[in-house]
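> what follows is a protein structure lacking sequence information:
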DNA sequence: CGTATATGCAATGAAATGGTTGCACCTGGC
DNA sequence: GCCAGGTGCAACCATTTCATTGCATATACG
């Protein structure tokens, strides 16, 4: 039910993916406005399409997005389950030290 | 009240700090067993004291620990407020897409 | 068919990261 | 005073990361 705990490597990849501002932006964009192609996502950004593709691959490796082919294009879709896993780790690590964490933890 | 939102750079540093297994281990160790010196923290680990020092500085830069001098030693203490900030970002980004996130979010 | 658009792959390069070692510098205690 | 233990600093090295560019491939469509 609750997000099952991830291995050490998965956590590396997950937090690593979230550590980059461009990747966070892409993820938020996908979460907020739905699936999009690398080309479309790159358009408003100050970096090349290839850079965006690599970032999306990073997000995919972390399980935060999936690539879905549709004819000639590839549409990336956010899969937020892993965000819950990240939250799970943070709450678990944080224990009851912080009032805010404690409040969140208690549901 | 709630953990105030961090800037983009702060999020980079925060998630970046969490992206390394040794740093997560150190953080968990400090959270679970209380403050300790770099030398003591390095002892059971397969890396040098200097490596641990650098990791602790990374955690300190992220606001996850603070260094407190006590005579000839420096004791590092975990400060979990930033964990709440990370959780805040994740919940905010996740929106209502995932049932688990949604549940947490509705607290 | 032919062309325009979207994607894929590879080489390259600059900078950041994670780790090491060696040595200098405090500070507490005999 | 002297010595040992804990820190701090700097140089150095290997690897990874972020971004670029150029070109190849594939597919939609008139």
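Received, thanks. Quantities reported herein were computed from a predicted structural model and do not represent experimental measurements.
> so what does whatever residue of chain A ends up closest to DNA strand D have for phi and psi?
Nearest residue of chain A to DNA strand D, counting by CB to the nearest atom of the strand: residue A:71, 2.6 Å away. Placement of C-beta: from N, CA and C, glycine included. Main-chain dihedrals, residue A:71, degrees, to the nearest 10: phi 60, psi -120.
> look at it and report its pLDDT.
pLDDT for residue A:71: 94.
> ok, it to residue A:38 distance?
Note on residue A:71: its distance to residue A:38, by CB to CB, to the nearest Å, is 15 Å.
> and those two? which has more neighbours close in?
residue A:38 (22 against 6; other CB atoms under 10 Å in any protein chain shown).
> and the residue nearest the centre of chain A, its phi and psi?
Nearest to the geometric centre of chain A sits residue A:64, at 3.8 Å (CA atoms, centre = their mean). Taking degrees, to the nearest 10, you get phi -90, psi -20 for the backbone angles of residue A:64.
> how many neighbouring residues does the closest residue to it other than its chain neighbours have?
Closest residue in space to residue A:64, ignoring its immediate chain neighbours: residue A:82 at 5.3 Å, by CB to CB, 6 or more residues apart in numbering or on different chains. Counted by other CB under 10 Å, the residues lying close to residue A:82 total 25.
> confidence score at residue A:82?
pLDDT for residue A:82: 94.
> I'd say it and residue A:62 touch.
Yes - if you go by CB atoms under 8 Å, residue A:82 and residue A:62 touch, sitting 6.4 Å apart.
> joint contacts of these two?
residue A:14 (CB atoms under 8 Å, 6 or more residues apart in numbering or on different chains).
> what's near enough to touch residue A:61?
A:13, A:17.
> quick one, phi/psi of it?
Dihedral angles for residue A:61 - degrees, to the nearest 10 - are phi -60, psi -30.
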